[in-house]
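# Fold the stuff below for me.
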Amino acid sequence: MAVRLVAQAARGKQLGLVTLGLLMTLASLFAVVSADAVQDPFHHWAGWAGAIFFPLCTLAAVRQMFRTGPVMEIGPEGILWLRWSPERIPWSAFTRAADMSIRNQRFVSLWLREPERYRPTTLHGRIAAGNKLLGFGELALSAQGLTCTHEEMLAVVQANAPGLFGRP
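Presented below is the predicted three-dimensional model:
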(Lines give C-alpha, C1' and ligand atoms only; values in the text may rest on other atoms or scores of the structure.)
Protein backbone atom coordinates (compact mmCIF):
# COMPACT_ATOMS: atom_id res chain seq x y z
CA MET A 1 0.00 0.00 0.00
CA ALA A 2 1.39 3.41 -1.00
CA VAL A 3 1.91 5.84 1.84
CA ARG A 4 1.58 9.51 0.87
CA LEU A 5 1.69 12.89 2.49
CA VAL A 6 0.60 16.11 0.83
CA ALA A 7 1.17 19.21 2.96
CA GLN A 8 0.18 22.79 2.30
CA ALA A 9 1.11 26.03 4.00
CA ALA A 10 -0.94 26.40 7.19
CA ARG A 11 -2.19 29.97 7.27
CA GLY A 12 -2.60 30.00 11.06
CA LYS A 13 0.97 28.83 11.62
CA GLN A 14 2.22 31.36 9.07
CA LEU A 15 0.36 34.14 10.90
CA GLY A 16 2.20 33.12 14.07
CA LEU A 17 5.51 33.30 12.20
CA VAL A 18 4.60 36.74 10.82
CA THR A 19 3.81 37.94 14.35
CA LEU A 20 7.08 36.51 15.68
CA GLY A 21 8.99 38.11 12.79
CA LEU A 22 7.48 41.52 13.55
CA LEU A 23 8.33 41.20 17.25
CA MET A 24 11.91 40.18 16.47
CA THR A 25 12.23 43.09 14.05
CA LEU A 26 11.06 45.49 16.75
CA ALA A 27 13.46 43.95 19.28
CA SER A 28 16.30 44.33 16.78
CA LEU A 29 15.45 47.97 16.14
CA PHE A 30 15.31 48.53 19.90
CA ALA A 31 18.85 47.09 20.16
CA VAL A 32 20.02 49.44 17.41
CA VAL A 33 18.72 52.58 19.12
CA SER A 34 19.47 51.59 22.72
CA ALA A 35 22.95 50.07 22.34
CA ASP A 36 25.76 52.54 21.79
CA ALA A 37 27.89 51.67 18.74
CA VAL A 38 31.09 52.56 20.62
CA GLN A 39 30.34 51.36 24.16
CA ASP A 40 28.34 48.25 23.17
CA PRO A 41 29.19 47.43 19.56
CA PHE A 42 28.12 43.77 19.77
CA HIS A 43 24.49 44.51 20.65
CA HIS A 44 24.37 47.49 18.31
CA TRP A 45 25.55 45.50 15.27
CA ALA A 46 23.55 42.41 16.27
CA GLY A 47 20.54 44.72 16.26
CA TRP A 48 21.36 45.85 12.73
CA ALA A 49 21.77 42.24 11.60
CA GLY A 50 18.37 41.40 13.07
CA ALA A 51 16.81 44.55 11.60
CA ILE A 52 17.83 43.24 8.15
CA PHE A 53 17.26 39.50 8.71
CA PHE A 54 13.90 39.40 10.50
CA PRO A 55 11.94 41.56 8.03
CA LEU A 56 13.10 39.24 5.25
CA CYS A 57 11.87 36.23 7.24
CA THR A 58 8.59 38.03 7.87
CA LEU A 59 8.14 38.71 4.16
CA ALA A 60 8.77 35.04 3.41
CA ALA A 61 6.10 34.03 5.95
CA VAL A 62 3.63 36.54 4.47
CA ARG A 63 4.30 35.07 1.03
CA GLN A 64 3.69 31.56 2.36
CA MET A 65 0.35 32.66 3.84
CA PHE A 66 -0.98 33.27 0.35
CA ARG A 67 0.55 30.20 -1.32
CA THR A 68 -1.99 27.76 -2.69
CA GLY A 69 -1.47 24.12 -3.49
CA PRO A 70 0.94 21.63 -1.96
CA VAL A 71 4.31 22.71 -0.61
CA MET A 72 5.48 19.16 0.09
CA GLU A 73 4.54 15.79 -1.39
CA ILE A 74 6.10 12.60 -0.11
CA GLY A 75 5.21 9.26 -1.66
CA PRO A 76 6.59 6.07 -3.21
CA GLU A 77 8.10 8.01 -6.12
CA GLY A 78 10.12 10.35 -3.87
CA ILE A 79 9.94 13.85 -2.46
CA LEU A 80 8.63 17.04 -3.99
CA TRP A 81 9.70 19.87 -1.66
CA LEU A 82 8.82 23.14 -3.34
CA ARG A 83 10.84 25.11 -0.80
CA TRP A 84 13.89 23.37 -2.33
CA SER A 85 13.00 23.03 -6.01
CA PRO A 86 10.04 22.21 -8.29
CA GLU A 87 11.70 18.89 -9.17
CA ARG A 88 10.65 15.61 -7.54
CA ILE A 89 13.64 13.75 -6.10
CA PRO A 90 13.40 9.94 -6.24
CA TRP A 91 14.33 7.84 -3.21
CA SER A 92 17.23 6.33 -5.17
CA ALA A 93 18.89 9.77 -5.16
CA PHE A 94 19.40 9.65 -1.38
CA THR A 95 22.14 7.82 0.50
CA ARG A 96 20.78 8.24 4.03
CA ALA A 97 18.23 9.97 6.24
CA ALA A 98 18.07 10.93 9.91
CA ASP A 99 15.50 12.37 12.28
CA MET A 100 17.22 15.40 13.80
CA SER A 101 16.60 18.47 15.93
CA ILE A 102 18.32 21.70 16.82
CA ARG A 103 16.97 23.49 19.88
CA ASN A 104 13.61 21.69 19.69
CA GLN A 105 13.24 22.37 15.95
CA ARG A 106 12.78 18.91 14.47
CA PHE A 107 13.49 18.03 10.84
CA VAL A 108 14.35 15.08 8.62
CA SER A 109 17.82 15.43 7.16
CA LEU A 110 18.46 13.72 3.81
CA TRP A 111 21.83 13.24 2.11
CA LEU A 112 21.94 13.22 -1.69
CA ARG A 113 24.04 10.71 -3.61
CA GLU A 114 24.81 13.31 -6.31
CA PRO A 115 24.12 16.80 -4.89
CA GLU A 116 25.09 18.49 -8.15
CA ARG A 117 22.24 16.66 -9.91
CA TYR A 118 19.52 18.00 -7.61
CA ARG A 119 20.52 21.57 -6.94
CA PRO A 120 18.18 23.90 -5.05
CA THR A 121 16.43 26.47 -7.22
CA THR A 122 14.74 28.55 -4.51
CA LEU A 123 16.26 31.06 -2.10
CA HIS A 124 15.17 28.85 0.81
CA GLY A 125 16.87 25.89 -0.82
CA ARG A 126 20.08 27.78 -1.45
CA ILE A 127 20.21 28.95 2.15
CA ALA A 128 19.37 25.45 3.40
CA ALA A 129 22.23 24.09 1.30
CA GLY A 130 24.46 25.57 4.01
CA ASN A 131 23.23 22.73 6.24
CA LYS A 132 25.95 20.60 4.66
CA LEU A 133 28.56 22.85 6.29
CA LEU A 134 26.98 22.03 9.66
CA GLY A 135 27.19 18.27 9.06
CA PHE A 136 23.59 17.72 7.96
CA GLY A 137 22.25 16.43 4.68
CA GLU A 138 21.51 18.69 1.75
CA LEU A 139 17.74 18.54 2.31
CA ALA A 140 16.19 19.38 5.66
CA LEU A 141 12.47 18.63 5.59
CA SER A 142 10.59 20.60 8.19
CA ALA A 143 6.89 20.59 8.98
CA GLN A 144 7.13 24.11 10.36
CA GLY A 145 4.35 26.22 8.90
CA LEU A 146 2.72 23.25 7.13
CA THR A 147 -0.55 21.36 7.54
CA CYS A 148 1.25 18.24 8.84
CA THR A 149 3.19 17.41 11.98
CA HIS A 150 6.81 16.34 12.14
CA GLU A 151 5.70 12.88 13.27
CA GLU A 152 3.41 12.46 10.24
CA MET A 153 6.14 13.58 7.87
CA LEU A 154 8.74 11.31 9.48
CA ALA A 155 6.41 8.28 9.38
CA VAL A 156 5.78 8.73 5.65
CA VAL A 157 9.50 9.11 4.87
CA GLN A 158 10.28 6.01 6.95
CA ALA A 159 7.47 4.03 5.28
CA ASN A 160 8.68 4.90 1.78
CA ALA A 161 12.43 4.67 2.37
CA PRO A 162 13.10 2.61 5.50
CA GLY A 163 16.57 1.59 4.28
CA LEU A 164 17.85 5.17 4.46
CA PHE A 165 17.62 5.42 8.24
CA GLY A 166 20.41 4.19 10.49
CA ARG A 167 23.12 4.40 7.83
CA PRO A 168 26.43 6.06 8.74
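
# OK, contacts around the spatially most central residue of the chain?
Central residue of the chain (C-alpha atoms, centre = their mean): residue 142, 5.2 Å from the mean position. Residue 142 sits next to 105, 106, 107, 150 when contact means C-beta atoms under 8 Å, 6 or more residues apart in numbering. From N, CA and C alone the C-beta is placed, and that goes for glycine too.

# Try it again at 6 Å.
residue 107 (C-beta atoms under 6 Å, 6 or more residues apart in numbering).

# buried ones in the worst-scoring helix or strand of the chain on mean pLDDT?
The weakest-scoring helix or strand in the chain, judged by mean pLDDT, DSSP states H and E, is helix 123-128 (a mean of 74). For helix 123-128, burial by neighbour count (16 or more other C-beta atoms under 10 Å) applies to 124, 125, 128.

# So the first one sits against residue 83, correct?
So that's residue 124. Yes - using C-beta atoms under 6 Å, residue 124 is in contact with residue 83, at 4.5 Å.

# confidence score at the residue nearest to the centre of the chain?
With respect to pLDDT, residue 142 has a value of 92.

# what does residue 103 give?
In this model, residue 103 carries a pLDDT of 87.

# Might you report the residue contacts of it?
Applying C-beta under 6 Å, 6+ apart to residue 103 gives no contacts.

# Need the pLDDT of residue 23.
You'll see residue 23 listed with a pLDDT of 97.

# do residue 116 as well
Looking at residue 116, its pLDDT stands at 88.

# so who does residue 14 touch?
61, 64, 65, 145.

# so the nearest residue to the third one once chain neighbours are set aside is in which element?
The spatial neighbour of residue 65 that comes closest, neighbours along the chain excluded (C-beta to C-beta, 6 or more residues apart in numbering), is residue 14 at 4.2 Å. For residue 14, the host element (DSSP states H and E) is helix 11-34.

# Next secondary structure after that helix?
Toward the C-terminus from helix 11-34 - assigned by DSSP H and E - lies helix 41-65.

# next structured bit after that next one?
Along the chain past helix 41-65, the next helix or strand (assigned with DSSP H and E) turns out to be strand 70-75.
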